[in-house]
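> Task: produce atomic coordinates for the following.
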Amino acid sequence: MWKLHVVTLLLLCSYLKMHATGDSTRYLISKDTIFLNIDAAGEKLFAHKIERKQTLFSLAKFYGLSVEELYFYNPGLKEEKVAPGEKIMVPIPNRAIIRYKPQQFKFWKHVPIFYVVKKGDTMFKVAKTIFKMPIDTIVQRNRLKSETVKVGQCLHIGWMSTDGVPEDYHKEIGTPLSRKNNALRRVHAREQGKRKIQEHQGVAYWQKNSKEDSDLYALHRNAKRNSIIAVTNPMNKSVIYVKVIGKIPDTAYGNEVVVILSPMAAKALGARDPRFFVKVKYY
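Sure thing, here's the model as predicted:
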């Protein structure tokens, strides 16, 4: 009986994922279901499937985000107009997840939230680490006979309001840029080991008119590919950590250019001109 219930949930998940989210006037309606996945940075994401007349600007506002943040989570998304059926990855903060039904809970004003089990997950990890709730609550809510979970299984975790996500709910985990920068900073610190850090200064270059704005990376003359370097703007003391994806072409830029930055990295440093002075630390 338990196995039949799990299979039924898996089939239900596959069926519901086929549908758009919301309708032409609302972004979430009571018949919708949110299926969460966890990305490499530990954030909870789900795919909002665009419905007719939904816009990227209003979508961002509904989930308490900016359009730029949607670009961050959807690197290939570059146009403000989106087509019906297109899937937009949206982060859902913990604070927006209602784990326990309050008194006078109105089902028609909420959508259920499911978590899709992935490889390496256990019930303890899902309950205690990811959602910070009792194991028994998830077991009972999903009518399970044991704490065993399977890859692809959908676990009913809680609910979310059809009114959307307040902007300040995201502040507890920082902006996408700050989270990305902090993650790279930790990698930079781990890479040090017993190696001596190298420092130099010079001109940073970036393509100011580029629409590409989805990640923190750079070209450098000496740092190894895939290593993390620290770039500082002495004018405002801001520091950004970027991943080196290749070498600066010898013939394309003068020796004064010490690093070529992605648009996101340059903007994070407060750059206004295509060329600006920086200090660089690398191993």
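> At the geometric centre of this structure, which residue do we find?
Residue closest to the average C-alpha location in the chain (CA atoms, centre = their mean): residue 73, at 4.9 Å.
> what sits against that residue?
Applying CB atoms under 8 Å, 6 or more residues apart in numbering to residue 73 gives the contacts 45, 89, 90, 91, 176. Every residue, glycine included, has its C-beta placed from N, CA and C.
> The third one reaches residue 44, doesn't it?
No - with contacts counted by CB atoms under 8 Å, residue 90 stays clear of residue 44, the gap being 9.6 Å.
> Which residue ranges make up the domains of the chain?
Domain assignment for the chain by automatic domain parsing gives 2-173, 176-282.
> quick check: mean pLDDT across the first one?
For domain 2-173, the mean pLDDT works out to 83.
> where's that domain relative to the chain centroid, distance-wise?
Distance of domain 2-173 from its chain centroid, counting by CA atoms, centre = their mean, to the nearest Å, is 13 Å.
> Numbering from 281 from now on, please.
Sounds good: first residue 281 from here, last item domain 282-453.
> I figured residue 539 was touching residue 509, is that so?
Yes - the criterion here is CB under 8 Å, and residue 539 meets it with residue 509 at 7.4 Å.
> so what's in contact with the two at the same time?
Residues touching both residue 539 and residue 509 (CB under 8 Å, 6+ apart): 498, 500, 560.
> Select from the residues you listed every entry located in strands.
Cross-referencing these against strands under DSSP state E gives 498, 500, 560.
> which one of the residues you listed has the most neighbours?
Among those, the one with the most neighbours (other CB atoms under 10 Å) is residue 498, at 27 neighbours.
> and the gap between that residue and residue 515?
19 Å (CB to CB, to the nearest Å).
> Contact partners for residue 525?
Going by CB under 8 Å, 6+ apart, residue 525 touches 497, 498, 499, 505, 506.
> a markdown table for those, including distance to residue 357 and pLDDT?
Shown next, in a markdown table, are the contacts of residue 525 (distance: CB to CB, whole Å; pLDDT from 0 to 100):
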| residue | distance to residue 357 | pLDDT |
| --- | --- | --- |
| 497 | 18 | 91 |
| 498 | 23 | 93 |
| 499 | 24 | 94 |
| 505 | 27 | 90 |
| 506 | 25 | 88 |
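> could those go into a markdown table alongside distance to residue 378?
Output for the contacts of residue 525, formatted as a markdown table (distance: CB to CB, whole Å):
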| residue | distance to residue 378 |
| --- | --- |
| 497 | 38 |
| 498 | 42 |
| 499 | 46 |
| 505 | 45 |
| 506 | 41 |
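> okay, among those residues, which ones form the most distant pair?
Farthest apart among the contacts of residue 525 by CB to CB are 499 and 506. That separation is 12.6 Å.
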